[in-house]
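Asker: this is a predicted model, with the sequence first.
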Amino acid sequence: MSVILDLPYVYTVWISSAVAIIYTLLGGLYSVAYTDIIQLSLVFVSLWLCVPFLLVNPTSTNILQTAINNTFQEPWVGSLEHDKVWKWIDDFLLLGLGSVSFQCFQQRVLSASSSRTAQFTCYAAALIIAILGIPPVLVGAVAASTDWNLTQYGSPSPYIRGEQTFILPLTLQFLTPSYISIIGIGAVAAAVMSSTDSALLSATSVFSTNIYKNILRQQASDCEMQWVIRITVVVVGVVGTSLTFFTNSTLVLWLLGADISYTLIFPHLVCVLFFEVTNAYGAAVGYVTGLIVRILVGENTVGLPVVLHLPGCTLEDGIYVQMFPVRTFSMLCTLLTILVFSVLSLFMFNHSLLPESWDIFKVKCNTAVSSADAVTQNLQEEAGSDGECDNDSNGVALQPILQNGT
């Protein structure tokens, strides 16, 4: 919108956010679900429609030549440097696992009609994402293969001007016919709106259900919950949109959200699903520990300085750059902390090393059993260890005898 209407970036973001807030308020989950279908269909058709026009435009050279040659700028196919291998692995794990713990993803999966439908949706989404990723790559390749001085955009190129974050709408506007440009940029806007309404609804449901209904107001009526949801949609929308004052790159904001999800939320999801020993004490300490570690290792994209220097940390242009997979390191620290403190808290409460009155999360196990149950358990263990009994090892014949007192 800022490219087409020549409006300031902040104004266009607030207009888009207002539209998303309004139709999310009016329609709720149904509006988000149906608009997502329409928007994704527009993205799929529109971007692929733009690709042929981009490839044959007269101001661009063959993208196969510029892939390895320095024509108008550096080759658009990069090279994997040896000292950045671990960073690439870290980014790969971030993209692959970070979104798994997104609330909007879990909301879609859990709202499926059956487990088979949820599985099919995930596999289909993985294939569709790969297909949808091809047009943006081609757009970037064409942009790097274009002599921008021959276009209405002029020279220097968007890369030199620092406008690479707008390369998709700029390429569609100046390298395709006007009617194709409108369709393509509309598809980009549809993709952004699809992500916006999903994030709005997921954040709203987390607060209204998990916090307000379960903690603050357990007796809240349905009418009250409707108003809480509406107010939360507006508040979350305004607060989230306010982040645009700090950066004009949606990619940076998305990476920041995926980073938080991967380093803090993903370990909790893994522990809850696969480790029965996990409890609230371990989760709380793990969250705090993971957050502290992630802050200490730094993040240059948001101006967070490096405090904890990990192996491979180098000084480039006066700024420390981590070559170590810091996100995965933070995620593993969170995971291990959750498990260690969950086991430790369980041990301390069960062995009365801490008073039971301190157990606010009620993790202490009830170890008191009746004498008959204790005897039965001992006999079963003896029979199982001796290997001489078949039925008795399962308690089939022993239990009636004990109940009769014989």
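Answerer: Nice, thanks for sending it over. Since the structure is predicted, the reported quantities are computational estimates derived from the model, not experimental observations.

Asker: list the buried residues in the host helix or strand of Ile231.
Answerer: In this structure, Ile231 sits in helix 222-242 according to DSSP states H and E. For helix 222-242, the neighbour count (16 or more other Cβ atoms under 10 Å) marks 228-230, 232-233, 236-237, 240-241 as buried. C-beta coordinates here come from the backbone N, C-alpha and C atoms, glycine included.

Asker: what helices or strands is that helix leaning on?
Answerer: helix 9-55, helix 178-205 (3 or more Cβ pairs under 8 Å, 6 or more residues apart in numbering; DSSP states H and E).

Asker: pull up the gap between the residue nearest the centre of the chain and Ala199, please.
Answerer: With distances taken as Cα atoms, centre = their mean, Ser99 lies nearest the centre of the chain, 3.0 Å away. Look at Ser99 and Ala199: by Cβ to Cβ, to the nearest Å, they are 12 Å apart.

Asker: look up phi and psi at Ile319.
Answerer: Phi and psi for Ile319, reported as degrees, to the nearest 10, are phi -120, psi 130.

Asker: now do the same contact list for it.
Answerer: Residues near Ile319 by Cβ atoms under 8 Å, 6 or more residues apart in numbering: Asn300.

Asker: where do the helices sit along the stretch 201-350 of the chain?
Answerer: Counting by DSSP state H, counting those that start in this stretch, the stretch 201-350 of the chain has these helices, from start to end: 222-242, 250-260, 266-274, 280-297, 326-350.

Asker: lowest-confidence stretch among these?
Answerer: Among the helices of the stretch 201-350 of the chain, helix 250-260 carries the lowest mean pLDDT, at a mean of 81.

Asker: quick check: the residue nearest to the centre of the chain vs Arg108, distance?
Answerer: For Ser99 relative to Arg108 (Cβ to Cβ), the value is 11 Å.

Asker: for Asn69, same thing?
Answerer: Asn69 sits 44 Å away from Arg108, going by Cβ to Cβ.

Asker: low-confidence ranges, the stretch 1-150 of the chain, go.
Answerer: 1-7, 28-29, 31 (pLDDT under 70).

Asker: apply 90 and report the result again.
Answerer: 1-51, 54-88, 91, 95-115, 118, 121-122, 124-137, 139-141, 143-150 (pLDDT under 90).

Asker: what helix or strand is the closest residue in space to Ala199 that isn't next to it in sequence located in?
Answerer: Among residues not flanking Ala199 along the chain, Cys104 sits closest, at 6.3 Å (Cβ to Cβ, 6 or more residues apart in numbering). Applying DSSP H and E as the criterion places Cys104 in helix 103-110.

Asker: circling back to that earlier point, residue contacts, the residue nearest to the centre of the chain?
Answerer: So Ser99 contacts 105, 258, 261 (Cβ under 8 Å, 6+ apart).

Asker: the last one: neighbour count?
Answerer: Ser261 sits with 21 neighbouring residues when counted by other Cβ atoms under 10 Å.

Asker: mind checking how far it is from Ser157?
Answerer: 34 Å.

Asker: equivalent analysis for Leu55, please.
Answerer: Per Cβ to Cβ, Leu55 is found 19 Å from Ser157.

Asker: more neighbours: these two, which one.
Answerer: Neighbour count, other Cβ under 10 Å: between Leu55 and Ser157, Ser157 has more, with 21 against 15.

Asker: give the burial count for the residue lying closest to Ala20 once chain neighbours are set aside, as a bare number.
Answerer: Nearest in space to Ala20, with sequence neighbours left out and distances taken as Cβ to Cβ, 6+ apart, is Thr196 at 4.3 Å. Per other Cβ under 10 Å, the neighbour tally for Thr196 reads 22.

Asker: now do Gly96
Answerer: Gly96: 10 neighbours (other Cβ under 10 Å).

Asker: ok, now which ones touch it?
Answerer: No contacts exist for Gly96 under Cβ under 8 Å, 6+ apart.

Asker: host element of it?
Answerer: helix 85-97.

Asker: between helix 250-260 and that helix, find me the angle.
Answerer: Regarding helix 85-97 and helix 250-260, their directions subtend 80 degrees when assessed with axes from the mean of the first three to the mean of the last three Cα atoms, to 10 degrees.

Asker: kindly export helix 85-97 (C-alpha atoms) in PDB.
Answerer: Extracted in PDB, the C-alpha atoms of helix 85-97 (Å, rounded to 0.1, in the frame of the first residue of the first chain):
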ATOM      1  CA  VAL A  85      27.300 -23.200   8.600                       C
ATOM      2  CA  TRP A  86      26.000 -23.400  12.200                       C
ATOM      3  CA  LYS A  87      24.000 -20.200  11.700                       C
ATOM      4  CA  TRP A  88      22.300 -21.700   8.700                       C
ATOM      5  CA  ILE A  89      21.500 -24.800  10.700                       C
ATOM      6  CA  ASP A  90      20.200 -22.600  13.500                       C
ATOM      7  CA  ASP A  91      18.000 -20.600  11.100                       C
ATOM      8  CA  PHE A  92      16.700 -23.900   9.500                       C
ATOM      9  CA  LEU A  93      15.700 -25.200  12.900                       C
ATOM     10  CA  LEU A  94      14.100 -21.900  13.800                       C
ATOM     11  CA  LEU A  95      12.000 -21.900  10.600                       C
ATOM     12  CA  GLY A  96      11.100 -25.600  10.900                       C
ATOM     13  CA  LEU A  97      10.300 -25.900  14.600                       C
END
